[in-house]
Structures are given as structure tokens and as C-alpha cells.
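Peer 1: sequence-free structure coming up:
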């Protein structure tokens, strides 16, 4: 820690210095965060309290909702709190923790979405073997692999950040601690570190995106063999997944798969994969899913009825 003695905290630069925009951002992000928490908690409780828990698709959705809450909570509460104060700072320790948790939960979400694509592929392309291929043991292994993949993604980036010497400027041109803005203020040549970041973030995101894109391409091609009703239902489910993938991966690939540098627009693009995409996940996976809507209606109507009868 000798190299970090001169830096005990970092100053986070604002999204905008306009007071009206800051007030608008505060209201918007607070609404988004509350909507995200409410939507994902509804999904968690509804699946846990219904037979859907035993279906692989909803088992993965349960874990996705949990990850979304953890992932967004690493960034959004701090962003909302900073909009209430004039000087936006973060301690060195909390900054490093934010790098670790954000990339850990973000990387895990990468692989959870891949697992959901695998489930969708088997359900449509190999329906007769679906229950055998997607057994609970295999689903648990995929979830375990997703968490392990998140750790393998995050710890090299965390080690890179912790190893950087900070002895001069401490202003980070971002609303949270991320690896590229930290490289910019480090007191050393960061070329090798930048290449490692691209390898562990950009390449991982790109490869995962390509795998997902090819998987859904095969799925959509296979839909032509289904009945009109089956094609409609499967098409709706696939487009829900594809929407999530584009919202999450698109901005992430643009930011991390390029030479180590930062642009002012990065802060706006980062909002898509840190707040907007996780907020839309509950809407995308419930409003376009009749089975999920019926289950939520049944679970919560029974809960309210039981409370009413008890009173």
C-alpha cells in the first residue's frame, strides 16, 4: 500500500454541472432504483412461492433478479447520494470495493444470461430431451459456473486496480469507480494494464455476446418448424431475451473493447448497463410472459386474500 499513501480518497465528477439536470437526474435515478428493487423482489417472491420455481427458465430468472439487485446496488445508491451533496468523494477502499463488486456481479450476469440462452435453445431446438438436459443438477452447475465466471472476470481487474500507484490527480471522470478512469489518473505507464482490462472485460463481453447472438439466431431459425401458436410464444420469449442482451452488452462492449481511454459520453452509456437494463429486466420478463403474469397475479391475490381472511 506504500504507493497509495498520497491518495486516501477520489473525487467523482458529476454527470452534469447544471442544477436543473442534477435535480432531474436525482428524481429519475431514484425512481429507476425503486422500480428495479420492487420489480425484482416481485419476481423473487412470485417464483419462490409458485411451482415455477421447479422450471429451469424461471430458476435462472430467479438468479438473474437476485444478481440485478446486487449489481445495481453497487453503483446506484452512491450515485443518488452524490446528487444530494456538492462534493462527491469516495474513499480509496470503497473505490476498490466498487471495482470488485461491480465487475463480479456484472460478470456473473453475463453468464446467467448465457445460461438462459442455453435453456431457451434446448426448449425450442430439443424439446423431447428438455427435462433431461436441463435437470436441476445441471442447472445448479450452470449457476455455480456463472458465479465462478464472475469471479474469474472480476479478480484480475480488481488486482490491476489495487496495484496501480496513485500519487497525483484524484479526480475520476465518472460517477463510479471503474478501471479505465482509474488508469487515467494512475502515476505510471498503464499500457499493459489497459491491455489486460480489454482482455478480461471487452473480450469476455464480446465473446459472450457472439455466443448469445449465434444461439438466438439458431433458435429463431428453428421457429419456422413450430406451429403458429408455438412460434408466437417462443418468438415472444426470445425477443424478450434479445432485448435484454442488446441493452446490457451493447454499451459494455463499446466502452471496454477499445484502446484504454475515456470519453465524456461513457458516463451516459454506462447508465444503460448499470441502471437502465437491470430496471427493464423485470418488465421485459414479466409483461411479455403470460405464464409469469398469471403466476404473479395468483400468488399475490392469494396472499391478499389470506391476509383479508385472517383479519
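Peer 2: Received it, and whenever you're ready, just let me know what you need. Here the structure is a predicted model, which means the values were calculated and not measured. Residues are numbered from 1 along each chain as shown.
Peer 1: which SSE is the residue lying closest to residue 282 once chain neighbours are set aside in?
Peer 2: Excluding its sequence neighbours, the residue lying closest to residue 282 (Cβ to Cβ, 6 or more residues apart in numbering) is residue 39, at 2.9 Å. Glycine gets a C-beta too; all of them are placed from N, C-alpha and C. Taking DSSP states H and E as the criterion, residue 39 maps to helix 19-48.
Peer 1: Distance check, the residue nearest to residue 282 against residue 16.
Peer 2: 27 Å (Cβ to Cβ, to the nearest Å).
Peer 1: For the protein, give me the ranges with low pLDDT.
Peer 2: 1-6, 226, 229-230, 233-234, 236-237, 287-291, 293, 296, 299-311 (pLDDT under 70).
Peer 1: residue ranges for the helices of it, please.
Peer 2: Using DSSP state H, the helices found in the chain span residues 19-48, 56-73, 76-82, 92-125, 130-133, 136-162, 179-185, 191-197, 203-222, 228-256, 266-271, 277-287, 290-310.
Peer 1: which strands and helices sit next to the second one?
Peer 2: Helix 56-73 makes packing contacts with helix 19-48, helix 92-125, helix 136-162, helix 277-287 when contacts are defined by 3 or more Cβ pairs under 8 Å, 6 or more residues apart in numbering; DSSP states H and E.
Peer 1: how big is the angle separating the third one from helix 92-125?
Peer 2: The directions of helix 136-162 and helix 92-125 differ by 150 degrees, with axes from the mean of the first three to the mean of the last three Cα atoms, to 10 degrees as the criterion.
Peer 1: Can you list the buried residues in helix 136-162?
Peer 2: For helix 136-162, burial by neighbour count (16 or more other Cβ atoms under 10 Å) applies to 139, 142-143, 146-147, 149-151, 153-154, 156-158, 160-161.
Peer 1: of all the helices of the chain, which lies closest to residue 10?
Peer 2: Distance to residue 10, taken as Cβ to Cβ, is lowest for helix 92-125 among the helices of the chain, at 5.4 Å.
Peer 1: what's the spacing between residue 143 and residue 136?
Peer 2: Distance from residue 143 to residue 136, by Cβ to Cβ: 10 Å.
Peer 1: count of neighbours near the residue nearest to residue 282?
Peer 2: By other Cβ atoms under 10 Å, 22 other residues sit near residue 39.
Peer 1: isn't it right up against residue 279?
Peer 2: Yes. Look at residue 39 against residue 279 with Cβ atoms under 8 Å: they come within range, at 7.3 Å.
Peer 1: where does the residue lying closest to residue 143 once chain neighbours are set aside sit relative to residue 225, distance-wise?
Peer 2: With sequence-adjacent residues excluded and distances taken as Cβ to Cβ, 6+ apart, residue 143 is closest to residue 63, at 5.7 Å. Using Cβ to Cβ, we find residue 63 at a distance of 30 Å from residue 225.
Peer 1: can you list the helices of the chain in CSV and add distance to residue 173?
Peer 2: Output for the helices of the chain, formatted as CSV (distance: least, Cβ to Cβ, whole Å):
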stretch, distance to residue 173
helix 19-48, 17
helix 56-73, 21
helix 76-82, 14
helix 92-125, 14
helix 130-133, 47
helix 136-162, 16
helix 179-185, 6
helix 191-197, 16
helix 203-222, 21
helix 228-256, 13
helix 266-271, 8
helix 277-287, 22
helix 290-310, 40
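Peer 1: Nearest to residue 7, out of those?
Peer 2: Here helix 92-125 is closest among the helices of the chain (Cβ to Cβ), at 6.0 Å.
Peer 1: Give me the buried positions along the closest one.
Peer 2: Of the residues in helix 92-125, those buried (16+ other Cβ under 10 Å) are 92, 95-96, 98-125.
Peer 1: So which elements touch it?
Peer 2: Using 3+ Cβ pairs under 8 Å, 6+ apart, helix 92-125 is in contact with strand 9-12, helix 56-73, helix 130-133, helix 136-162, helix 179-185, helix 203-222, helix 228-256.
Peer 1: Out of those, which is closest to residue 194?
Peer 2: The nearest among these, by Cβ to Cβ, is helix 179-185 at 5.9 Å.
Peer 1: Distance from that closest one to the middle of the chain?
Peer 2: 21 Å (Cα atoms, centre = their mean, to the nearest Å).
Peer 1: so what does it touch, helix or strand wise?
Peer 2: By 3+ Cβ pairs under 8 Å, 6+ apart, helix 179-185 packs against helix 92-125, helix 136-162, strand 171-172, helix 191-197.
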